[in-house]
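Visitor: Turn this into a structure:
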Amino acid sequence: MTKSTKVNAAILIIGNEILSGRTQDTNTSTLALWLNSIGVKVNEVRVIPDVENIIVNTLNVLRKTNNYVFTTGGIGPTHDDITAESVSKVFGLKYEIHEEAYKILEAYYKPGEFNEGRQKMVRMPQNAELILNPTSGAPGFSVENVFCLPGVPSILKSMLGGLKNRIVGGEPILSYTISLKTVESEIANSLTKVQDQNKDVEIGSYPFFHAGKLGVSIVLRSEKQSKIDTCNSQILEFIKEKKIEVVDR
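Guide: Below you'll find the predicted structure:
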């Protein structure tokens, strides 16, 4: 893959606890920031329940339309952890004990602690590649372009370093933020003109209320710093004309 290649990914958050609101999803932010830093653009994020046919159908769509798919959740020891079995069905592979994963967990637990429930965590698609877990022993796994990670945020975060050499990205996506003391309607037309002249820069505007100040943050994103700089100077030009104040967030 050359550096100019656009590389994209989808994130699939699996778990009833996210949909019910009992657990807050922070994994999307962690994964998206990390992927952007290695030049992989996140195209979409979906949150789905622990239901086999939904997992299978969703993965079949996402893996064909993205270079990479990252799943989080559903690879623990309980009855509703069905991600590994579902991924086996997606690829038509046997769902079986992974010998290397078995050895890792057998060594990780004290004698007698590697019980039937925990042994479920070493059952995965045949010949899956392991994603090592430096925090709690139980590995994640990947099959082709699908990478399956745990749902616990601190554990997921600790496993990303081991993945870096297996993900081929494009150029890292750079971003720059300008915060203004204004409202979106005041800058909407001018911002549209700047966007029309800078198709290669993604421009987003996000209202904020911070320390008693109401304003709008404009975020510029591109693989090229020069394109961000051009865009930034055009924005600074119109905010000067409109006498809009730049604020420090």
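
Visitor: Strands of the chain, start to end?
Guide: 8-14, 41-48, 68-72, 95-97, 123-125, 129-131, 140-143, 146-149, 174-181, 202-210, 213-222, 245-246 (DSSP state E).

Visitor: Pick the most deeply packed of those.
Guide: Ranked by mean neighbour count under mean count of other C-beta atoms under 10 Å, the strands of the chain are led by strand 68-72, which reaches a mean of 27. Every C-beta, even on glycine, is put in place using the N, C-alpha and C of the backbone.

Visitor: In terms of secondary structure, what does it contact?
Guide: Using 3 or more C-beta pairs under 8 Å, 6 or more residues apart in numbering; DSSP states H and E as the contact criterion, the elements in contact with strand 68-72 are strand 8-14, helix 27-37, helix 52-65, strand 146-149.

Visitor: In a markdown table: the ones you listed, plus mean pLDDT.
Guide: Written out in a markdown table, the entries for the helices and strands packed on strand 68-72 read as follows (pLDDT from 0 to 100):
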| stretch | mean pLDDT |
| --- | --- |
| strand 8-14 | 97 |
| helix 27-37 | 95 |
| helix 52-65 | 98 |
| strand 146-149 | 98 |
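
Visitor: out of those, nearest to residue 199?
Guide: Closest approach to residue 199 among these (C-beta to C-beta): strand 8-14, 17.7 Å.

Visitor: Alpha carbons only: can I get that closest one in PDB?
Guide: Once non-C-alpha atoms are left out, strand 8-14 reads as follows in PDB (Å, rounded to 0.1, in the frame of the first residue of the first chain):
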ATOM      1  CA  ASN A   8     -10.500   3.200   6.000                       C
ATOM      2  CA  ALA A   9     -12.100   1.300   8.900                       C
ATOM      3  CA  ALA A  10     -15.300   0.600  10.600                       C
ATOM      4  CA  ILE A  11     -15.800   0.200  14.400                       C
ATOM      5  CA  LEU A  12     -18.400  -2.300  15.600                       C
ATOM      6  CA  ILE A  13     -19.400  -1.900  19.300                       C
ATOM      7  CA  ILE A  14     -21.100  -5.100  20.500                       C
END
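
Visitor: looking at the helices and strands packed on strand 68-72, which is closest to residue 245?
Guide: When the helices and strands packed on strand 68-72 are ranked by proximity to residue 245, the top entry is helix 27-37, at 29.1 Å, counting by C-beta to C-beta.

Visitor: Next, the angle from the closest one to strand 8-14.
Guide: With axes from the mean of the first three to the mean of the last three C-alpha atoms, to 10 degrees as the criterion, the two stretches helix 27-37 and strand 8-14 enclose an angle of 160 degrees.

Visitor: For residue 39, which non-adjacent residue is closest in space?
Guide: Nearest residue to residue 39 in three dimensions, chain neighbours excluded: residue 169, at 3.0 Å (C-beta to C-beta, 6 or more residues apart in numbering).

Visitor: ok, that neighbour touching residue 40?
Guide: Yes: because the distance of 4.5 Å satisfies C-beta atoms under 8 Å, residue 169 is recorded as touching residue 40.
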